[in-house]
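Colleague: sequence unavailable; structure follows:
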């Protein structure tokens, strides 16, 4: 997989971030004054109970949801100084996303689904297909190119989703409960792929998980409760 020369630096900066939701006459404070910096070398694991705000935080860092107040910068770009369309374009170019349930274009095979984001970014079809094929080979699913994604096992689908996320050579990989629907063997394989990407390709990883087995999977452990970060520990070298 291609890679850039990424220096050791702050790639995500979150300052005084708040997110409120109106439910009837009530205000739900989903995020309460979050301050966070993610380093380029980090494999950060964000965990906490359901409703603690971890997925809301991830969606704001992605630029999908907007904060009530506060600032999010990805390197030098202030996300919320951009329009919604500009944020979508920035996200497509700089961030790879892995969801708990992969989304597929059902009329396309696995290779075509992985190549699609590259075509959307302007790569010609031949180059996009070659890049997608190379990425699939790199992570050991080169034999699945002609398969229909929805006919694959959960573990195979998540590996294909991983390939799609990294094929565009993003700065950052964000994963929201990527092992939530997988058996332990498939889960361990996905976690190894993320660890290898962080160590070997020097990509920044942000993982949201409720699975305590993986709370120490990276070099950074961030615990949330009631919309706040209550503990942030670098517990080993990444």
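Modeller: All right, it came through fine. Owing to the predicted nature of the structure, the values given are computational and were not obtained by experimental measurement.
Colleague: confirm that residue 140 sits in a helix.
Modeller: No - per DSSP: H, G, I helix; E, B strand; the rest coil, residue 140 lies outside any helix segment and is coil.
Colleague: just the strands in this protein please.
Modeller: 10-23, 26-39, 43-47, 69-74, 77-78, 95-98, 172-176, 204-208, 220-225, 228-234 (DSSP state E).
Colleague: tell me which of these sits most buried.
Modeller: Using mean count of other CB atoms under 10 Å, the stretch among the strands of the chain with the largest mean neighbour count is strand 204-208, at a mean of 25. Just so you know, the C-beta spots here come from the backbone N, C-alpha and C atoms, and that holds for glycine as well.
Colleague: any chance of JSON lines for the strands of the chain, columns mean pLDDT?
Modeller: Formatted as JSON lines, the strands of the chain follow (pLDDT from 0 to 100):
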{"stretch": "strand 10-23", "mean pLDDT": "95"}
{"stretch": "strand 26-39", "mean pLDDT": "95"}
{"stretch": "strand 43-47", "mean pLDDT": "96"}
{"stretch": "strand 69-74", "mean pLDDT": "97"}
{"stretch": "strand 77-78", "mean pLDDT": "96"}
{"stretch": "strand 95-98", "mean pLDDT": "94"}
{"stretch": "strand 172-176", "mean pLDDT": "95"}
{"stretch": "strand 204-208", "mean pLDDT": "96"}
{"stretch": "strand 220-225", "mean pLDDT": "96"}
{"stretch": "strand 228-234", "mean pLDDT": "95"}
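Colleague: Throw these into TSV and include distance to residue 156, thanks.
Modeller: Putting the strands of the chain into TSV (distance: least, CB to CB, whole Å) gives the following:
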stretch	distance to residue 156
strand 10-23	30
strand 26-39	30
strand 43-47	24
strand 69-74	31
strand 77-78	35
strand 95-98	14
strand 172-176	17
strand 204-208	20
strand 220-225	29
strand 228-234	33
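Colleague: out of those strands, which is closest to residue 136?
Modeller: strand 95-98 (14.6 Å; CB to CB).
Colleague: ok, the closest one: who's next to it in the sheet?
Modeller: Under the criterion DSSP bridges, strand 95-98 sits next to strand 172-176 (parallel) in its sheet.
Colleague: and the angle for the strand it pairs with with strand 10-23?
Modeller: Comparing the axes of strand 172-176 and strand 10-23 via axes from the mean of the first three to the mean of the last three CA atoms, to 10 degrees yields an angle of 30 degrees.
Colleague: for the record, mean pLDDT for the biggest helix by length in the chain?
Modeller: Counting by DSSP state H, the longest helix found in the chain is helix 184-200. Averaging pLDDT along helix 184-200 yields 92.
Colleague: same for it, what does it pack against?
Modeller: Secondary-structure packing of helix 184-200 (3 or more CB pairs under 8 Å, 6 or more residues apart in numbering; DSSP states H and E): strand 43-47, helix 154-167, strand 172-176, strand 204-208.
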